[in-house]
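# Any chance you could fold what I've pasted below:
(chains A, B, C and D)
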There are 2 protein chains.
Amino acid sequence: MRPLIHPSIEDITVEGILHALSDPVRAAIYAELAISSGATCSNFLKISDRDIPKSTLSQHFRALREAGLIRSERQGVEMRNTTRCAEIEQRFPDLISTIMKAHQLQAAGRVREAKLKKSAGRKAS
Amino acid sequence: MRPLIHPSIEDITVEGILHALSDPVRAAIYAELAISSGATCSNFLKISDRDIPKSTLSQHFRALREAGLIRSERQGVEMRNTTRCAEIEQRFPDLISTIMKAHQLQAAGRVREAKLKKSAGRKAS
DNA sequence: TTCTATAGTTCATATGTTGCGAACTACGGA
DNA sequence: TCCGTAGTTCGCAACATATGAACTATAGAA
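Below you'll find the predicted structure:
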């Protein structure tokens, strides 16, 4: 089992961050980690009613880790994950927070849309 | 030749934007377009000393277009491209500008590094 | 109108990336 | 030592990307 790779702060790239967060599953994981620091991999086997296979999850965590977005540490049998947002904020001010805000905005928009659709459905029936 | 696809502002997603800008070539194109609005595809056959084949360029423009980042309009034999930053700013405040700032910061860092390396090389020789 | 040059697009394909089940490793506790 | 839980790795199928070659669209010249 190869040791976990955490790039040093200078090796973190904007491209890497954008790529990592351009996946909705990874963005959701990152958003959750930003709130509930220390969550483990298997806390995410379900993400907004979708089942994610654990091999896939493991890959997503690796992607986040190697992009420099999170730090993973073995703690007994499980893996504690924390965001590296403070470090990244130093290097790329506001980048992460602005991206997460945009994600939230978009999610809020989807909820609003779903409600409209639902009420339109009621009217039609 | 299928007509160009420009998503409406509501159909633009954060994931799409991040993915489009996670490619260094596309990020460079977008950055340049933000300054010199109306640039054409073949203005980018060379990007920072790298030759990009025109078929590849065409695909990159398509990616930017379909992510909603740029608008392309035929003007005679060529294609005028402009960013849709004002629209996107409305929908996702600060997103694009923060990403571009981060890209600039990173580029500046690379230049500094290259200079250090060069001066180290001089010392060594 | 036809020919030619220029700007981009599309197609085919080789190469790279991602998702996921199955098999594996790592650790803690009985 | 064995078992259960947490996570990783492998192998392969599906999908994405890069690029040369062939194509389309347009403007201007002959």
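
# Can you classify the spatially most central residue of chain A by secondary structure?
In chain A, the residue lying closest to the centroid (Cα atoms, centre = their mean) is residue A:30, at 2.3 Å. Secondary structure, DSSP: H, G, I helix; E, B strand; the rest coil: residue A:30 is helix.

# That one contacts residue A:64, correct?
Yes - with contacts counted by Cβ atoms under 8 Å, residue A:30 reaches residue A:64, the gap being 6.3 Å. (C-beta placed from N, C-alpha, C; glycine too.)

# Next, show the common contact partners of those two.
By Cβ atoms under 8 Å, 6 or more residues apart in numbering or on different chains, residue A:30 and residue A:64 have these common neighbours: A:20, A:70.

# Can you pull the residues of chain A lying near DNA strand C?
By Cβ under 7 Å from any atom of the strand, the residues of chain A that approach DNA strand C are A:1, A:19, A:23, A:25, A:52-56, A:59-60, A:63, A:74, A:76-77.

# In helices only, show me those residues.
Judged by DSSP state H, those include A:19, A:25, A:54, A:55, A:56, A:59, A:60, A:63 as members of helices.

# burial of the first one, as a residue count?
Spelled out, it's residue A:19. As a burial measure, residue A:19 scores 18 neighbours (other Cβ atoms under 10 Å in any protein chain shown).

# For residue B:15, see how far away the closest residue to it other than its chain neighbours is.
In space, residue A:19 comes closest to residue B:22 once its chain neighbours are excluded; the distance is 3.9 Å by Cβ to Cβ, 6 or more residues apart in numbering or on different chains. In this view, residue B:22 and residue B:15 are 10 Å apart by Cβ to Cβ, to the nearest Å.

# give the contact list for residue A:27.
A:21, A:100, A:103, B:14, B:15.

# Alpha carbons only: can I get the one helix or strand it maps to in PDB?
Using DSSP states H and E, residue A:27 maps to helix A:24-35. Extracted C-alpha coordinates of helix A:24-35, given in PDB (Å, rounded to 0.1, in the frame of the first residue of the first chain):
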ATOM      1  CA  PRO A  24     -20.100  17.200  -8.500                       C
ATOM      2  CA  VAL A  25     -19.300  14.300  -6.200                       C
ATOM      3  CA  ARG A  26     -15.900  15.600  -5.200                       C
ATOM      4  CA  ALA A  27     -17.400  19.100  -4.800                       C
ATOM      5  CA  ALA A  28     -20.000  17.700  -2.500                       C
ATOM      6  CA  ILE A  29     -17.400  15.800  -0.500                       C
ATOM      7  CA  TYR A  30     -15.300  18.900  -0.200                       C
ATOM      8  CA  ALA A  31     -18.200  21.000   0.900                       C
ATOM      9  CA  GLU A  32     -19.200  18.600   3.600                       C
ATOM     10  CA  LEU A  33     -15.600  18.200   4.800                       C
ATOM     11  CA  ALA A  34     -15.400  22.000   5.100                       C
ATOM     12  CA  ILE A  35     -18.200  21.800   7.700                       C
END
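
# Residue B:67 versus the residue nearest to residue A:19, what's the distance?
Distance, residue B:22 to residue B:67, by Cβ to Cβ: 11 Å.

# Could you do residue A:101 as well?
19 Å.

# Please apply the same query to residue A:118.
Taking Cβ to Cβ, one finds residue A:118 at 29 Å from residue B:67.

# quick revisit: how many other residues sit next to the residue nearest to residue A:19?
By other Cβ under 10 Å, the residues close to residue B:22 number 21.

# Over to residue A:87?
15.

# and the lowest-mean-pLDDT helix or strand in chain A with chain B, contact?
None of the helices or strands of chain A scores lower by mean pLDDT, DSSP states H and E than helix A:95-124, at a mean of 89. Yes - Helix A:95-124 is in contact with chain B by Cβ under 8 Å from any Cβ of the partner chain, via A:95, A:98, A:99, A:101, A:102, A:103, A:105, A:106, A:109.

# quick one, which of residue A:101 and residue B:67 is more surrounded?
More neighbours surround residue B:67 than the other of residue A:101 and residue B:67, with 23 against 17 (other Cβ under 10 Å).
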